[in-house]
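Q: Sequence and computational prediction follow.
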Amino acid sequence: MENLEIWKEIFRLSGELFNQAPWLYLSETDIFGVKTPRSGKTYFISIMGSAGELSAIAAYDGSAALEQFWEIQENPHGNPENILLIPHIILSFVNKNEIDHVLTEIFEKAGLKAGRGRRWPDVKRVIPELVPSVPVDSRLEDLANILEQSLEVFSRAREDLSFFLPEDQDDDVYLIREQMKKGSLTEWKDNYRKVHPEPVHYKAVINLSDIAAVQSLSKTSAIFQAGYRMIPNHVRDEINPDYFPFIVILTDKKSGIIEGFELLTPFPDYNSMIEKIPVTIIGLINKLKFRPMRIEVNDDKLYEMLDPVFRKFQINIKLVPDVKSVEEAFEGILSNMG
């Protein structure tokens, strides 16, 4: 099926979704899965809009993305931009003037017309650290399958939600819609499956010269806090797709003074950038010409990467609930950026 034909099907299904309005009777945490036949990916579906702020459907890409979704749900006061760190496809309904030129051109080619006062479907793929963009290739077929099967689930859920999670199933068991063979026929069926998050491992690569440089520094009683955050102002250049930069910050816990910071870009990918953070922190310490007694972090990934390295430096690394001085420094930097 050519892309334009897939887009026409997506727009048709979007119209059915808008009319069905599942955000009126489902919450964001009523999660189920759709395993798409072409890519073999399992997307986890969440309806957004029960609070009345927007009307949208999000399809989170795999079990690791599902785990990130639940982490955000468990920390409602966390950084709102963290949603941009979860790989997913989102279809939301907005005013036409909010649609970008790429999708507007597709509307015109597909002959899409919305009634007066109606909302238009805005389709975006979210890749961690990149500015959300219109999906292409196999993601389009995936989205058509997602919408088709979601409509089936929503129509049933309107009458009875119990099939989402039968009483005899554990919380980590999800309804998955997937194609199954029955004789010579292939049809979509309900399947209930336990979902385990895909493990993501980060490994900091530190040069021996960096280790030797820090070990030669004099040790002090200073306590630093370290952290990293995404800057929610995108960058455009001629080589890479539009992206959001990251900032790594090192602060003095007691005074709140910023001891150093550095910007990172998400290339070649987000995971590679995360693995650069420990060596970035080590570089900031080297510039100070002294070693702190302790560094505090509140990020599990960062702690796991730093702990084995900092033992070599005789710097205590501690996992704490929050790094207040880093958060205040970040807000100050954002304020200065306007």
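A: Cool, got the structure. Bear in mind that the values here come from a model prediction, so they are computed numbers and not experimental data.
Q: where does the residue nearest to Leu161 when sequence neighbours are not counted fall, phi/psi-wise?
A: Spatial nearest neighbour of Leu161, excluding adjacent residues (C-beta to C-beta, 6 or more residues apart in numbering): Asp30 at 7.1 Å. In short, each C-beta sits where N, CA and C put it, glycine included. Backbone torsions of Asp30, given as degrees, to the nearest 10, read phi -80, psi 80.
Q: just checking, Asp30 touches Phe163?
A: No. Using C-beta atoms under 8 Å, Asp30 is not in contact with Phe163, being 11.2 Å away.
Q: Compare the two and say which is more crowded by neighbours.
A: Asp30 (19 against 14; other C-beta atoms under 10 Å).
Q: Now do the same for the more buried one: its pLDDT.
A: For Asp30, the pLDDT comes out at 93.
Q: Give me the domain ranges for this protein.
A: Here the domain parsing of the chain from automatic domain parsing is 3-194, 208-337.
Q: Would you convert the ones you listed into a markdown table that also reports distance to Tyr202?
A: Output for the domains of the chain, formatted as a markdown table (distance: least, C-beta to C-beta, whole Å):
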| stretch | distance to Tyr202 |
| --- | --- |
| domain 3-194 | 13 |
| domain 208-337 | 5 |
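Q: Just the buried residues of the worst-scoring helix or strand of the chain on mean pLDDT, please?
A: Ranked by mean pLDDT, DSSP states H and E, the helix or strand of the chain with the weakest confidence is helix 208-215, at a mean of 84. Across helix 208-215, burial judged by 16 or more other C-beta atoms under 10 Å covers Asp210, Val214.
Q: Pairing partners for the next helix or strand after that helix, with directions?
A: As assigned by DSSP states H and E, the chain's next helix or strand after helix 208-215 is strand 218-219. Paired with strand 218-219 in the same sheet, following DSSP bridges, are strand 290-291 (parallel).
Q: Show me what the very next helix or strand once past the strand it pairs with is packed up against.
A: The C-terminal neighbour of strand 290-291 among helices and strands, as given by DSSP H and E, is strand 294-297. When contacts are defined as 3 or more C-beta pairs under 8 Å, 6 or more residues apart in numbering; DSSP states H and E, strand 294-297 sits against strand 223-230, helix 300-313, strand 316-319.
Q: for the most centrally placed residue in the chain, what are its contacts?
A: Closest residue to the average C-alpha location of the chain: Ile86 at 1.4 Å, with C-alpha atoms, centre = their mean. Applying C-beta atoms under 8 Å, 6 or more residues apart in numbering to Ile86 gives the contacts Tyr60, Ala65, Gln68, Phe69, Ile72, Val126, Pro128.
Q: Relative to Gly49, how far out is the fifth one?
A: Per C-beta to C-beta, to the nearest Å, Ile72 is found 16 Å from Gly49.
Q: by how many degrees do the host helix or strand of Glu327 and strand 223-230 diverge?
A: In this structure, Glu327 sits in helix 324-337 according to DSSP H and E. Helix 324-337 and strand 223-230 meet at an angle of 50 degrees, taking axes from the mean of the first three to the mean of the last three C-alpha atoms, to 10 degrees as the criterion.
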